[in-house]
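**Student:** Make a model of this:
(chains A and B)
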Amino acid sequence: MQKPDSASEHINELVPMKTRRDFIKISALGLGAVALTAGSGRMGLGMPLFGKETGPDNEGDVLRRVPTYCEVCFWKCAGWAYVNSEGRIVKVIGNEDDPQCNGRLCPRGTGGVGMVYDEDRLKKPLIRVTENGKQTYREASWDEALEYIASKMKGISEKFGPESIALFNHGSAGHYFTHLLNAFGSSTVAAPSYAQCRGPREVGFETTFGSQVGSPEPTDIRDTRCMVLIGSHIGENMHNGQVQEMSDAIDKGAVIITVDPRLSTAASKSKYWLPIKPATDIALLLSWIHVLINDEIYNKEYVAMHATGFEELKAAVSKYTPEWAYGITTIEPELIRKTAKEMADAAPAVIVHPGRHVTWYGDDAQRSRAIALLNALLGSWGSRGGFFMKEGASIPEHHHPEYPKPSWSWPETLNGKYPYAKMSVTNAFIDASIASPENKHQIHGWIIAGTNLPMAIPLKSQMLKALEELDLVVVVDTMPTEVTGYADVILPECTYLERYDDLRDSPHRVPTVALRAPAIEPMYDSKPAWWIAKQIGEKLGLHAYFEYDDYKEVIDWQLNQMGSSLKELEKTGVIVFPRKKGSPYLDNSQPHAFTTASGKIELYSESLAAAGFDPVPVYTPHPEPEEGFYRLIYGRAPMHTFSRTANNPNLTDLMKENSVWVNPRVARLWDLENGAYTYLKNQDGVVSSFPVKVRITERIRWDSVYMVHGFGHSKKELSRAFGKGANDTELITNVMIDPMMGGTGMRGNFVTFVSNMDQNMKEVES
Amino acid sequence: MRYAMAIDTLKCVGCSDCVVACQMENNVPIGFCRDWVTETVDGSYPNVEIELRSERCNHCDNSPCVRCCPTGASHIEDGGIVLVTHHKCIGCGACIQACPYEARYSHPEGYVDKCTFCIHRVRKGDKPACVAVCPTKCMYFGDLDDPNSEITNVLKNRKFKSLAPEAGTNPQIFYLI
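**Tutor:** Have a look, this model is predicted:
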């Protein structure tokens, strides 16, 4: 349905007709003038001038250092931003007192400065308008942009209730907008980190141990004697603490077992690499469980002390011999036995790693549960060298009036599905934003903070339908990412090196807090997210929830409650607290109260059985590629995060595009040349928007291809990233939803090569 | 005093943190680098091995770049560090051709540039930026003449190789294998 876009001009009126959102290219606006007048990073009055002066760098300048923690990924390593006498950030170095990074940032953190000085940044608030019948953006003042948002929110709330405004968030900005919506009366808040990433493993571990894995993972890699990685590619995913500890474990001679159809970097460091046929992991896991039980090499004392349902598990896995698994996984039976023995020999100092991005085939919560069961049989949960019991810092919440109670919240968006979802499901929010008799409630407005939805959530067509129907779409970001093209209002957030943010609390072996203070003033007309949320709140009459002028007042108050102060943290950046909860390891001489229904580790789950799910995981075959098609596997590169760094000048310099990894046998069949470019076409006929470079390598199986996620950007405003490489998310059109928790399984997509686009177009036309 | 570096290929994950840390520390212009990462793949699926190496100037004892420099800009400092004095360099590029490791590049400002072992840091007692940042701690830097230094010990206890030994340059970067 297309209509003249009058909505944005009559801001107090809710237009009953639905707004069609054209995808707008911001560059059409001629923002060059803004770029030229953009502020330098010079220090102004009122900026903190703390930080110790360091010796002259190689150019003889004197540098100031300001504490920060990184925002390039979710690991949030603490560091120091070094600023020269001209007020320019010259480098960011890890904070040696931070156990999260031990003074060593990863390449993304080291290159994080590129986020600040990326000249493609969003610079001014923009509002969607119609000029000469064509939708476009025009620059607006902050006051006008925020007034627009507040009045739209009021209008939607009056008509549908405040709950029908939803937040999609990732990263530090999320908290402020969650607080804003909570104060407004909505708890309709979601993040792709659950249903597109780690949700299944949280369910798999919670249904077994009663506890989620959480972030950062409480994996005691430093002291492990054996680590098993299933599709997890530590070293390519630069989760800093884990990479560092894996290196320590290698030094100490730990055995690493990697299960991956690709020789990942981790696989190349492993004593055993199991080049598994994709989509068969559960068969391997069940077979390992079978061997541990059948050969009686599981941790008997631990299981007897802490677990229930052993006999049921034993019976359920009795048929899963290594010979059975061989026919499915292509992993030889002797190798399955040998690796099970390695785990048993190392137990309990063994980690069968839960992974992080685990939304693969739609039975992911069950695969994660199989991983949890394996850990339970080895006694690694709560053991040194296995999983420790983490502890966070108790940061008090800044005072505010009680939130109004929403009349409905995210669970209602599930429409009775996904009973094990413990957090909100982004894809359910999208479904709930499209008018349908199934929906109990409809979402009418989106605030999107720090997440580029079209490259994070598959099923773009569903997202586009939702965007057609929404009455308000606000995007808060530092970069003109794809999602900004769908916004009614775009708000330029300043980068993490230009703002205060909440204290970092990263539960780990010891509680810590870390401070983020601005190294420079916000460039251009960008603002911190806390400020943006506060301004909208005040325009909504919610002053009482935002009783501070500067967020550093909140931080100082919190630190005072904890016996410290902002002043102290400005000097140290990090405080490490002693543990209050005793040993991070379980005392195996006495029972422990697990937070499951039975109070024990549940090897057989009555709860799952009662809900109609398998009480012990089972292997289900998944569809295989047709001839000429190859399973699309994707992963991470150590110098990039999601789709958010592909335009960072420093990180792009390390890797500017992704490539499609192809086995030489496959390359011969298709006449592909190393370094040549090809388009990819998936099983549904979707062709990649851009060609991708072919990398012919023995590191990938012949039935699969591999690429790094986060490339193939379609926004021209991202001048370095535009058109570079292929976007895996657009090729993921077959999504297998996990019935337990709503996760979007994305590894059931198959691609083929289209080297000649003209020929392909003819085929499509005919 | 003889500065050298040992890099553990069994721990390096090829993340390129050393590259970006060097660029930031030494203000290397975008598009250029003083260190870089290589990957070699051997074998065929599934019997494949890879080796990842962080490479840079080898600060050779017998350095062809120093020998061929017409102005004396390329020289050897105390501790065996090969340096280029930027204001003496005329940018002729002879050293770039002479280096068997392709470790040198022409800086846009007209001189030849390369790894300095972060001599400005080392003189203050710090490690080179690449060594200090490496998340896998796979790099060791120190004085080979000191029998108690970490690098001396690591080279005593581990198998190692150097690159292009046939060039006869006596390189001082060692790869632990």
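
**Student:** And the residue most central in space within chain B, how close does it get to chain A?
**Tutor:** Most central in chain B under CA atoms, centre = their mean is residue B:56, positioned 3.1 Å from the mean C-alpha point. Counting by CB to the nearest CB, to the nearest Å, the gap between residue B:56 and chain A amounts to 15 Å. To be clear about C-beta, it is placed using only N, CA and C from the backbone, and glycine gets the same treatment.

**Student:** May I have the residues that are in contact with that residue?
**Tutor:** Residue B:56 is in contact with B:5, B:34-36, B:103, B:114-115, B:130, B:173, counting by CB atoms under 8 Å, 6 or more residues apart in numbering or on different chains.

**Student:** at 6 Å instead, please
**Tutor:** The contact partners of residue B:56, taken as CB atoms under 6 Å, 6 or more residues apart in numbering or on different chains, are B:35, B:115.

**Student:** what does residue A:487 give?
**Tutor:** If you count contacts by CB under 6 Å, 6+ apart, residue A:487 has them with A:473, A:475.

**Student:** which ones are touching the residue of the stretch 101-250 of chain A found nearest chain B?
**Tutor:** For the stretch 101-250 of chain A, the residue closest to chain B is residue A:235, as judged by CB to the nearest CB, at 3.5 Å. By CB under 6 Å, 6+ apart, the contact list for residue A:235 reads A:243, A:265-266, B:13.

**Student:** which one of these is nearest residue A:549?
**Tutor:** Top of the list for closeness to residue A:549, among these and by CB to CB, is residue A:243 at 40.2 Å.

**Student:** In the helix or strand encompassing that closest one, which residues are buried?
**Tutor:** Element membership for residue A:243 (DSSP states H and E) is helix A:240-251. Residues of helix A:240-251 classed as buried: A:240-250 (neighbour count, 16 or more other CB atoms under 10 Å in any protein chain shown).

**Student:** Dig out what the nearest residue to residue A:219 once chain neighbours are set aside forms beta bridges with.
**Tutor:** Beyond its immediate neighbours in the sequence, the residue positioned closest to residue A:219 (CB to CB, 6 or more residues apart in numbering or on different chains) is residue A:351, lying 5.2 Å away. Judged by DSSP bridges, the bridge partners of residue A:351 are residue A:227.

**Student:** Next, count neighbours for residue A:351.
**Tutor:** The burial count assigned to residue A:351 is 30, neighbours taken as other CB atoms under 10 Å in any protein chain shown.

**Student:** confidence score at it?
**Tutor:** Taken from the predicted model, the pLDDT recorded for residue A:351 is 98.

**Student:** That one and residue A:229 touch, don't they?
**Tutor:** No: with contact taken as CB atoms under 6 Å, residue A:351 and residue A:229 are classed as non-touching, separated by 8.9 Å.

**Student:** ok, the residue of chain B positioned farthest from its centre - contacts?
**Tutor:** Ranked by distance from the centre of chain B (CA atoms, centre = their mean), the top residue is residue B:46, with 32.6 Å. Contacts of residue B:46 were listed using CB under 6 Å, 6+ apart, and they are residue A:275.

**Student:** Do you have the helices of chain B handy? List them.
**Tutor:** Counting by DSSP state H, chain B has these helices, from start to end: B:17-25, B:64-68, B:94-98, B:119-122, B:129-133, B:150-157.

**Student:** tell me the most buried of these?
**Tutor:** Ranked by mean neighbour count, those are led by helix B:17-25 with a mean of 27 (mean count of other CB atoms under 10 Å in any protein chain shown).

**Student:** Report the angle between that one and helix A:240-251.
**Tutor:** Between the axes of helix B:17-25 and helix A:240-251, defined by axes from the mean of the first three to the mean of the last three CA atoms, to 10 degrees, the angle is 130 degrees.

**Student:** Point out the other helices and strands that helix B:17-25 packs with.
**Tutor:** Other elements packing on helix B:17-25 under the criterion 3 or more CB pairs under 6 Å, 6 or more residues apart in numbering or on different chains; DSSP states H and E are helix A:107-110, strand B:35-44, helix B:129-133.

**Student:** Please identify the helix or strand for residue A:646.
**Tutor:** Short version, using DSSP H and E: residue A:646 is in no helix or strand.

**Student:** Could I get the contacts of residue A:235 in a markdown table, plus columns for distance to residue B:26?
**Tutor:** Formatted as a markdown table, the contacts of residue A:235 follow (distance: CB to CB, whole Å):
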| residue | distance to residue B:26 |
| --- | --- |
| A:243 | 24 |
| A:265 | 27 |
| A:266 | 31 |
| B:13 | 23 |
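
**Student:** where do the strands sit along the stretch 601-750 of chain A?
**Tutor:** According to DSSP state E, counting those that start in this stretch, the stretch 601-750 of chain A carries its strands in the segments A:601-602, A:630-635, A:659-662, A:677-682, A:692-696, A:704-708, A:736-737, A:744-745, A:750-754.

**Student:** got CSV for these, with distance to residue A:438 and mean pLDDT too?
**Tutor:** Conversion of the strands of the stretch 601-750 of chain A to CSV gives the following (distance: least, CB to CB, whole Å; pLDDT from 0 to 100):
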stretch, distance to residue A:438, mean pLDDT
strand A:601-602, 33, 98
strand A:630-635, 30, 98
strand A:659-662, 38, 98
strand A:677-682, 28, 97
strand A:692-696, 38, 97
strand A:704-708, 35, 98
strand A:736-737, 14, 97
strand A:744-745, 18, 98
strand A:750-754, 30, 97
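
**Student:** just those: most buried one?
**Tutor:** The highest mean neighbour count among the strands of the stretch 601-750 of chain A belongs to strand A:601-602 (a mean of 27), with neighbours defined as mean count of other CB under 10 Å.

**Student:** What strands line up against it, and which way round?
**Tutor:** With DSSP bridges as the criterion, the sheet partners recorded for strand A:601-602 are strand A:307-308 (parallel).

**Student:** what's the burial count for the nearest residue to residue A:418 once chain neighbours are set aside?
**Tutor:** The spatial neighbour of residue A:418 that comes closest, neighbours along the chain excluded (CB to CB, 6+ apart), is residue A:742 at 3.8 Å. Residues near residue A:742, counting by other CB under 10 Å, number 28.

**Student:** so can I have CSV of the strands of the stretch 601-750 of chain A showing distance to residue A:331?
**Tutor:** Converted to CSV, the strands of the stretch 601-750 of chain A look like this (distance: least, CB to CB, whole Å):
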stretch, distance to residue A:331
strand A:601-602, 27
strand A:630-635, 17
strand A:659-662, 21
strand A:677-682, 28
strand A:692-696, 25
strand A:704-708, 15
strand A:736-737, 23
strand A:744-745, 22
strand A:750-754, 22
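
**Student:** Is the residue in the stretch 451-600 of chain A that chain B sits nearest to in a helix, a strand, or coil?
**Tutor:** Ranking the residues of the stretch 451-600 of chain A by distance to chain B (CB to the nearest CB) places residue A:497 first, at 13.1 Å. At residue A:497 the chain is in helix, as set by DSSP: H, G, I helix; E, B strand; the rest coil.

**Student:** Run through the helices of the stretch 201-350 of chain A in chain order.
**Tutor:** Counting by DSSP state H, counting those that start in this stretch, residue ranges of the helices within the stretch 201-350 of chain A are A:240-251, A:265-268, A:281-294, A:300-306, A:310-317, A:322-329, A:333-346.
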